[in-house]
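**Student:** what's the 3D shape of this:
(chains A and B)
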Amino acid sequence: MSDGQVTDAARLKSNTDEDANRQMIGYLYQHTPIELFIAHGFTPKLVTAIKGVMGGFESSLQTFSCAYSRNIFSQRASGKLGELTGIVFPGNTCDSLQNMGDVWRYRFPDDRVFRLTYPAGLVNDDAIAFFAAELDLLNKELQRLYGFSPTNAQFREAIELVNMWRLAIQQLYTIRLVHPELISYLQLASLIDTFYNHPCHEKATEAKEITHNLAIEMKDESALSLEQAHRALLTGNFWKQKLTTNASPPRLVVVGGMISPSTIANLFDSVSNTHPHELVMDLLSLGFKTIFTPPCNTNGEWSVELAKSILSAPLEPTQEGLPKRIEYVKNLFTAIDVDGIIICEQSFCDPDQFEAPSLKGAANQLGIKALRLPLDPELSDEQRIITRIQSFLETIGGV
Amino acid sequence: MADKTEKAYRALESQTHLQQVMFRYMLEGQHASEEGKLAWVTSGFPVEIPLAMGVTPSYPEQYGAVVGSQKVGPDLCGYAEELGYSQELCSYARSSIGSTHRPDNSPMEGLPTPQALLACNNICGTVLRWYDAISEMTDAPVFLLDTPPIDAEQAPHHIEYVQRGIERLVEFISTTFDTSMELEHLRSVAKNSTTAIDLWTKSLQACKNKPSPLNCADRFLTMAPVVALRGSDYIIEFYQTLYDEVKDRVEQGIGAIRDEKIRLLWDNIPPWFQIFRFFNGLAKRGVVFPADTYTHAWQGSIEGTDLYRNVAELYSNVYLNKGLDAKVEKMCQLIRDYDLDGFIMFSVRSCKRYSLGQLVSKELVTEETGVPGVIIEGDMVDSRAFNDAQIQTRVDALLEMFA
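**Tutor:** Numbers count the residues shown, from 1 in each chain, chains lettered A, B, ... in the order given. Below you'll find the predicted structure:
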């Protein structure tokens, strides 16, 4: 072990010990600036829907609140949310989460509730300035409540950590798209979920090492083409080039909102024996749409750079820009070999349900078979969903 | 045969005038569309801006109310569902998408074709996605005036952001319609808007009297011009006529219903397909609604030296763009000011922004004012989501508390 490696190992251990003692801040929206919370010494934890939560929302939210919000609220009402020192609600992303934040404050008055409001308009200097100001306000609120002011170096370190992890996962997405045999979607999804639950150097380094090893394994391949594919995915500029050449077995892409990649991975894994397929990519809110957030510049004012980075994430359905998103999806599907698209729609989710017909239309135009799959993020009716997926795979020749 | 004068409610004479005003609105919309000068706008949009720039507005939400009142909501919503839009989505949006898809089967053959779609999300987040869907069907470009919801006080960066949005809106309209903004013209349009809103507000406030000169259905119908034609000069005459009639009723002690016994607050959009049946049915039992949270939403005036800033402040601070505290405060204030005995909250499945939170606000309003309330659930346009018997049972339970 070199001196450098010893130092890295010591640092990792130190971080691990420190991480274990950090207080957790829960967040609901995938584009929450976790860098800010890490810089403040917290562990940001994505709150996701879980199975087996039986009610708890009924006296506070109507049934037409989205399935995700009902599940989260029920978790809190039944004491299943875990120990959180605070929880961050997004503002201006959708009406269910907007109003649930208000209801939460009344029902759980002892909880520390933060609201971070996002611009919904097109990304321009005004939107960036607005969101940077929101980030500054949240930073000041954290400073006031917890008495800690991160230094610029601490902001930079937190940003670098998230940048490193995102870059590694982006590269894994790209590798999987081109060579799905090298890493399973289940493994990829697991790497995403573990970081969302506990972002730390250990997890980021693990992702980076896996990427590095796969890159070595692919040394005979043209590194340039992978790099081009990565850049194309990041920028949405596909230049009408094919990114993949692999056409079997049936290759699927899953599109949708607030369902975790791990949940999707397990679902498809359960049908893989009887219905061979490759889930080569997701375009999920908790997957691709967040992972491909462009890296945050560490040289400028942290709030401005973080605002630019977060607001530039691709395919965000809570923002203005449906035509651009559909164009991206069409260009992507043209550039990769894909036999079927599964569009997940969460019940009573405006962003999902409004976008689904346009996504289906895009698939139809390209001659790609598409399945619209209504579901709850906790998969309360899992068997029905599995049956529908199996039927779909049969129609595209997966049996 | 029952005598017309024996009815439990009194029709407004101003309704004839209202029909003329709305007919003119429809004709103007068709003409503007043919001239390439029509924009669809959301109900909370600062319509004074396009009007001052020579662009005529048309209101899909108001059209949704027409669809509902003509009881064809399930048909039109069904056309949107044929295109893949979920039945769980807003029925204003679905009826609008449905009528755009099949105008031949829609009331008035749908709204006139727009050349632009102007959405302001101060009323809900749905409007952007809805207008995006219409844009796909019509190729009309969308402009979103983003007014993020306000938690407590409007922060300086929030006002700046919305004001910049107003400036970009002017640029967008200038480019799209090859026109320009004259601030003096905006001032004139704003003055019309303020005058009409002042008269409207006076009519609303007259309902503090007992008996109340207007009931819920009266206000929901007569608000149409202040929603759809705010800024036009010819609606001022209508609101003067309405106010004169209201004033006359107050002076003569004439109520909107014949035998006022119970005074209630209404919260949310009404079930348009039952607007007469529901409110007049209750009128027969002596129930009047002197106030509601919906028709009170159109208030305020554009004035001062910095008009764009004033527009930004006014349209950011509308009822639905504020948090639960502000909504509860408003309801309590209406209950106190109008001396109301209770309230009915209509939980509208289509409208999450308006409805989610009602289960909590019901408790808070009762705690604060001491008056009882009930929540009924349904939809404003899609009658498939309206269970009449269940709603009557819940309303009966409330009314028994006043017996």
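**Student:** Need the per-residue pLDDT for B:A228.
**Tutor:** Looking at B:A228, its pLDDT stands at 89.
**Student:** Low-confidence stretches in the stretch 101-250 of chain B?
**Tutor:** Applying pLDDT under 70 to the stretch 101-250 of chain B flags no residue at all.
**Student:** Which residues of it lie near chain A?
**Tutor:** B:121, B:124-126, B:128-130, B:132-133, B:135-136, B:142, B:144-146, B:148-149, B:151, B:155, B:157-158, B:160-161, B:164-165, B:168 (CB under 8 Å from any CB of the partner chain). Heads up, the C-betas are built off the backbone N, CA and C, glycines and all.
**Student:** Just these: which are in helices?
**Tutor:** B:126, B:128-130, B:132-133, B:135-136, B:157-158, B:160-161, B:164-165, B:168 (DSSP state H).
**Student:** Just flag the most distant two among those.
**Tutor:** B:E136 and B:H157 (32.9 Å; CB to CB).
**Student:** Comparing the two, which shows the higher neighbour count?
**Tutor:** Neighbour totals were compared for B:E136 and B:H157, and B:E136 leads with 19 against 16 (other CB atoms under 10 Å in any protein chain shown).
**Student:** Setting aside sequence-adjacent positions, which residue approaches that one most closely?
**Tutor:** In space, and not counting its chain neighbours, B:E136 is closest to A:S358: 6.3 Å by CB to CB, 6 or more residues apart in numbering or on different chains.
**Student:** tell me the contacts of the one you found?
**Tutor:** Shown in contact with A:S358 (CB atoms under 8 Å, 6 or more residues apart in numbering or on different chains): A:322, A:326, B:132-133, B:136.
**Student:** so where do the strands sit in the stretch 151-300 of chain A?
**Tutor:** For the stretch 151-300 of chain A, applying DSSP state E, counting those that start in this stretch gives strands covering A:251-256, A:278-284.
**Student:** and which of the contacts of A:S358 is nearest to A:I386?
**Tutor:** Using CB to CB, those come closest to A:I386 at A:I326, 28.7 Å.
**Student:** List the residues that contact the closest one.
**Tutor:** A:358-359, A:361-362.
**Student:** ditto for A:T63
**Tutor:** Contacts of A:T63 by CB under 8 Å, 6+ apart are A:R70.
**Student:** Could you point out the longest helix of chain A?
**Tutor:** From DSSP H, the single longest helix across chain A is helix A:152-178.
**Student:** Give the residue spans of the stretch 151-300 of chain A that score low on pLDDT.
**Tutor:** A:219-224, A:240, A:245-247.
**Student:** how about a cut-off of 80?
**Tutor:** A:218-225, A:239-249 (pLDDT under 80).
**Student:** what does the stretch 51-200 of chain A put close to chain B?
**Tutor:** A:59-62, A:64-65, A:91-96, A:98-100, A:102-103, A:105-107, A:115, A:117-122, A:126-127, A:129-130, A:133-134, A:137.
**Student:** do you know how far the closest residue to A:A370 other than its chain neighbours is from chain B?
**Tutor:** Leaving aside its sequence neighbours, A:A370 sits nearest to A:A363 (CB to CB, 6+ apart; 3.8 Å). Using CB to the nearest CB, to the nearest Å, one gets 12 Å for the distance from A:A363 to chain B.
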